[in-house]
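Student: Model the structure of this input:
(3 chains)
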Amino acid sequence: MKNYDIVIVGGGPAGLAAANAAYDAGARSILILERDKELGGILNQCIHNGFGLHTFKEELTGPEYAHRFAEKVYKKQIEYKLSTMVMNISPEKVVTAMNREDGLFDIQAKAIVLAMGCRERSRGALNIPGYRPAGIYSAGTAQRLVNIEGFMPGREVVILGSGDIGLIMARRMTLEGAKVKVVAELMPYSGGLKRNIVQCLNDFDIPLKLSHTVVDIEGKERVTGVTIAEVDSHNKPISGTEEHYDCDTLLLSCGLIPENELSRDMGVELNRVTNGPTVNESLETSIPGVFAAGNVLHVHDLVDFVSEEAAAAGRSAAAYVAGGPADGARNDIPVAVEGGPRYTVPCTIDPAKVGDELVVRFRVGGVMKNRFVNVYLDGDRVIHRKRPVMAPGEMEEVKLKRAMFEAHPDLSSICIKVEEA
Amino acid sequence: MYDVIIIGAGVIGSAVARFLSRYQVNACVIEREEDVCCGTSKANSAIIHAGFDAAAGSLKARLNVQGSVMMPALAEDLDVPFRRNGSLVVCMNEEDRPKLQALYENGLKNGVEGLEIIDGQRLREMEPNINPDAVAALWAPTGGIVCPFHLTIALAENANTNGVEFKLNTEVKAISPRKEGGWAVQTDKGVFDAKCIVNAAGVYADIFHNMVSGEKIHITPRRGDYCLLDRSTGGFVSHTIFQLPGALGKGVLVSPTIHGNTIVGPTAFNIEDREGINTTAEGIADLTAKAGTTVPNLPIRQVITSFAGLRAHEDGDEFLVGEVADAPGFIDCAGIESPGLSSAPAIGLEVAELLRDKLNLQENPNYVGKRKGILDPKTLSKEERTALIKEQPAYGQIICRCESVSEGEILDAIHRPLGAKSLDGVKRRTRAGMGRCQSGFCSPRVMEILARELGVSQSDITKCGGASRLIVGTAKDRV
Amino acid sequence: MEVKNLTCIGCPMGCPLEVTMENGEVLSVTGNTCPRGAAYARKEVTNPTRIVTSTVRVVGSTTGAVAVSCKTASDIPKGKIFACVKDIAGVSVEAPVHIGDVVKADVAGTGVDMIATKEVM
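Tutor: Predicted coordinates for the structure are as follows:
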């Protein structure tokens, strides 16, 4: 059995950033296992621009962004295996993987970074009634078909869900010669960025119908039409509001789900809100030495923050291997929330383990205007930040400084509150 | 001229074909769809019923019990996953006890083995997630679960290997008696003659029957909606949980599937459209509500897909199996609704023997009753699997990550007898695309493999034959 | 006088902007919360531009790639988006392709090159 200090499961943006950061923190025995035939993950099919503004201060496309990180991995000669599927990870950190060349093989890792990303919610999981013909695609599958394979999955398109991938695909399909008839969104607000609504829908006069959903799919072999209807405040279709659209394609952009089957099977504790592992300030899961970052941990909007988060996980993994601060007894304080946040990453913080700065990320449950994000350590307000608007589609963050914790040596409670201005 | 033409390659047509292939016979199965197992056989509860339900003395009862008895050996011979997980009919209140008792006694009359009425406490020991209000249950240890795709495909494949021809993508338009004797079957691909016809056309069986007989029958397509839950729900129930038929109708079942998912269903809606396999919001809501009465905390939110199937319900509420009185040589397998899957082996055997006697068929000396299914590498040891990959590297390439299906399995599915030609064909044979992402990740790759192996363009690959094309052109072709 | 309504894309606020114009000149911008909104509105009504991203065919790839992603090296007028796509519809490039390689010079007469955004071997 081969041994590595750090095995990184997934060679997408999270895995690449984790590998680079672990290397920069001194780790040398690193292996990335990637199931696709190239590094970069889903970024390779995200050919639109808008990536990297935070990281590189310039606007890159997905493949360009991925390449910047992959190139560093090549230069550092970090090992990676492509077309390799991780089949199982044991709680003792034996990673069982498989590919054409090596067959089924085991690797003993000292630390593991989980960076498997996420998958799209399928038609089945949405329980959309109707027939089950060809022509129903998740937006990401259509994106792969168009951008990587050069195929047209359809000519006349209805899109359900106004998440960013759905909006991006509305523009992509339009530019490739398809007619996008409408984008329906169940919620009364879009889950996508304003910029994408303007540049992907408004630019092409594609209507966005908020508080609408698909109530029927027609077509026995190929989609021939869909019916959408307005929904009430309980998201139930309102009778009499049905509208029929002739189309040959239904694209779904209805949410992403972290892919944690490997994590669950190895016994990592999962958070019911995020569907990702519960992690502490070091992005360490319930199994010591197993870290998680990126969309497998919680679904992000911006890849820049994936990279930032994954770099932190990579550094933690390197520190764990080096036997540094990750050792010893822990003093985990749960991060409580009030007034809006649905979850936080991390979920617990050991003040002694906090570096110069700790980023805590969260999402709110609904659109909120004119609020303050306040952070309390034992009732003392240490952060007080005005937020003119917050929405579920935009991840929020607060940055806790080591000095804040040092000022509360006997800390017992940490709370993030969203409060009215 | 064929000795026998079988109309329909569902589980019944395929079972008849397989048992018939034991004899020296010139037989052909004609199927409208591009693959076997495309109608009722692909969308049902996947249950092998113990046989306590059908009225004592009925054909349904006899064939069900016989089929259930035959299933273990048949599954073994055909390498089809089958397990006797046992079934429970749950009684929710004391007033219903007589009904439970009646069901038990009916089962005894039908010859079902091992039946027992158990009390609420033992029920909860067996199924901790059952509604705590349940007072008793009928325990049928011979109830089982099977993969209906694998069963049908295996029967068809084995029949084909033993010499039965399959004409897929061929639709029967008319059937008429020939002056010289026998039957002329007119299809969209020409006319085929046969001495005998087996009508295993599912919800269309009445149409074919009525073409040749003055004794008209009538089949109502009865739609059943189902929900399939993620494998992470596996073990939430370990037996097939039936509801005691009550004021709310027949109730829905909650059962593990042979592949470790949980299935919930079916509803029952009589409809007109013989192709009406669309699910409806009311159907799904109905299922969820009813399933909750026996299994209250069922993780229904873990649904990965919902689908609907049609039962071929004949007005007489009974299977019609046998030669039609006023149409000699025309053999019905009509009205095969539940317990049709369970009865399939018995119907196949019975019809094959009927044809043997009628046509004076001789044993087929080359008959091989055993068939090897698609190798599931998950059943191999690490060393065996690595050795397999060394020999055939395609087994090292995972295509469907949710169900861990390798390229090797997909290649096998495509190249074996009656191989897969579509995405659904691959899915039913290998489970690629049947997992939690519902083919989001693997469909482009399976399409690529299908195109390469079948030597066609990717734009010719369909979901399930016909007009179900997945790709309509190339990027910018109409810009 | 002419009034145009826009949605600001600067941040999640998505301020509804109202731009009053006369003879192509912006007279006023209202509805914005911050100066970025006003600047965006002025640009958007007088000279809206976009980066266009797409793919072109690639031949001879050793990895089996059939397409390479590309983008306009800088913004082009919004009105030229479709002309730009049309102009690259028949373009085919030979592998290897490197990030930044020009796949179509002066796309649709914009003076801007379409460049590759992916390494294709």
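
Student: Return the residues of chain C in contact with chain A.
Tutor: Residues of chain C lying near chain A by C-beta under 8 Å from any C-beta of the partner chain: C:6-14, C:33, C:50-55, C:57, C:63, C:65-67, C:69-71, C:78, C:81-82, C:85, C:99, C:117-119. Any C-beta I mention is one placed from the backbone N, CA and C, and that applies to glycine too.

Student: what about stretch A:110-122, how long is it end to end?
Tutor: Start to finish, the residues bounding stretch A:110-122 are 36 Å apart (C-alpha to C-alpha, to the nearest Å).

Student: Would you mark the buried spots in it?
Tutor: A:110-122 (16 or more other C-beta atoms under 10 Å in any protein chain shown).

Student: same check, this time on stretch B:2-17
Tutor: Across stretch B:2-17, burial judged by 16+ other C-beta under 10 Å covers B:2-17.

Student: Could you do stretch C:19-29 as well?
Tutor: Within stretch C:19-29, the residues scored as buried using 16+ other C-beta under 10 Å are C:Val19, C:Met21, C:Val26, C:Val29.

Student: for the record, mean pLDDT for that stretch?
Tutor: Averaging pLDDT along stretch C:19-29 gives 92.

Student: Please apply the same query to stretch B:453-462.
Tutor: On average, stretch B:453-462 scores 96.

Student: Next: stretch A:180-187.
Tutor: 97.

Student: likewise stretch B:251-267?
Tutor: For stretch B:251-267, mean pLDDT rounds to 96.

Student: So is it next to chain A?
Tutor: No - shown here: stretch B:251-267 not in contact with chain A (C-beta under 8 Å from any C-beta), separated by at least 11.5 Å.

Student: Okay, buried residues for that stretch please.
Tutor: Of all the residues in stretch B:251-267, those buried under the rule 16+ other C-beta under 10 Å are B:251-259, B:261-267.

Student: again, but for stretch B:359-379
Tutor: For stretch B:359-379, a neighbour-count test (16+ other C-beta under 10 Å) marks B:Leu359, B:Leu361, B:Arg371, B:Gly373, B:Ile374, B:Leu375, B:Pro377 as buried.

Student: follow-up on the earlier one: name the nearest of the buried residues of stretch B:2-17 relative to chain C.
Tutor: Distances from chain C to the buried residues of stretch B:2-17, taken as C-beta to the nearest C-beta, are shortest for B:Ala9 (36.3 Å).

Student: what about the residue of the stretch 151-300 of chain B found nearest chain C, neighbour count?
Tutor: Nearest residue of the stretch 151-300 of chain B to chain C (C-beta to the nearest C-beta) works out as B:Asn169 at 30.0 Å. When neighbours are counted by other C-beta atoms under 10 Å in any protein chain shown, B:Asn169 registers 16.

Student: Surely it is within a strand?
Tutor: No - B:Asn169 is assigned coil when assessed by DSSP: H, G, I helix; E, B strand; the rest coil, not a strand.

Student: ok now do it, which residues does it touch?
Tutor: For B:Asn169, the contact set (C-beta atoms under 8 Å, 6 or more residues apart in numbering or on different chains) comprises B:Glu31, B:Arg32, B:Glu33, B:Glu34, B:Lys189, B:Gly465.

Student: for A:Gly40, same thing?
Tutor: A:Gly11, A:Gly12, A:Pro13, A:Leu16, A:Gly62, A:Pro63, A:Ala66, A:His67, A:Phe69, A:Ala70.

Student: Can you get me a residue count around residue 400?
Tutor: I went with chain A, as the question did not name one. Residue crowding around A:Leu400 was assessed by other C-beta under 10 Å; the count is 22.

Student: not quite, I wanted chain B
Tutor: Around B:Cys400 there are 26 other residues, counting by other C-beta under 10 Å.

Student: Wait, it touches B:Ala432, no?
Tutor: Yes - contact criterion C-beta atoms under 8 Å: B:Cys400 and B:Ala432 qualify, at 3.7 Å.

Student: tell me, what's touching the two both at once?
Tutor: Both B:Cys400 and B:Ala432 are contacted by B:Ser439, B:Cys442, B:Val446, under the criterion C-beta under 8 Å, 6+ apart.

Student: Phi first, then psi, for the closest residue to the first one other than its chain neighbours.
Tutor: Spatial nearest neighbour of B:Ser439, chain neighbours left out: B:Gly433 (3.2 Å); criterion: C-beta to C-beta, 6 or more residues apart in numbering or on different chains. The phi and psi values for B:Gly433, taken as degrees, to the nearest 10, are phi 100, psi 0.

Student: so how far is B:Ile263 from B:Gly433?
Tutor: B:Gly433 is 17 Å from B:Ile263, where distance means C-beta to C-beta, to the nearest Å.

Student: Same question for A:Asp203.
Tutor: In this view, A:Asp203 and B:Ile263 are 45 Å apart by C-beta to C-beta.

Student: for B:Asp188, same thing?
Tutor: Distance, B:Asp188 to B:Ile263, using C-beta to C-beta: 35 Å.

Student: export the buried residues of stretch A:110-122 to TSV and tack on distance to B:Gly473, pLDDT and secondary structure?
Tutor: Output for the buried residues of stretch A:110-122, formatted as TSV (distance: C-beta to C-beta, whole Å; pLDDT from 0 to 100; DSSP: H, G, I helix; E, B strand; the rest coil):
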residue	distance to B:Gly473	pLDDT	secondary structure
A:Lys110	51	97	strand
A:Ala111	48	98	strand
A:Ile112	44	98	strand
A:Val113	41	98	strand
A:Leu114	39	98	strand
A:Ala115	36	98	coil
A:Met116	33	98	coil
A:Gly117	30	98	coil
A:Cys118	30	97	strand
A:Arg119	27	96	strand
A:Glu120	23	96	strand
A:Arg121	27	94	coil
A:Ser122	25	94	coil
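
Student: nearest to chain C, of the residues you listed?
Tutor: The closest of these, once distances to chain C are taken by C-beta to the nearest C-beta, is A:Gly117, at 19.2 Å.

Student: Good, we can wrap up now.
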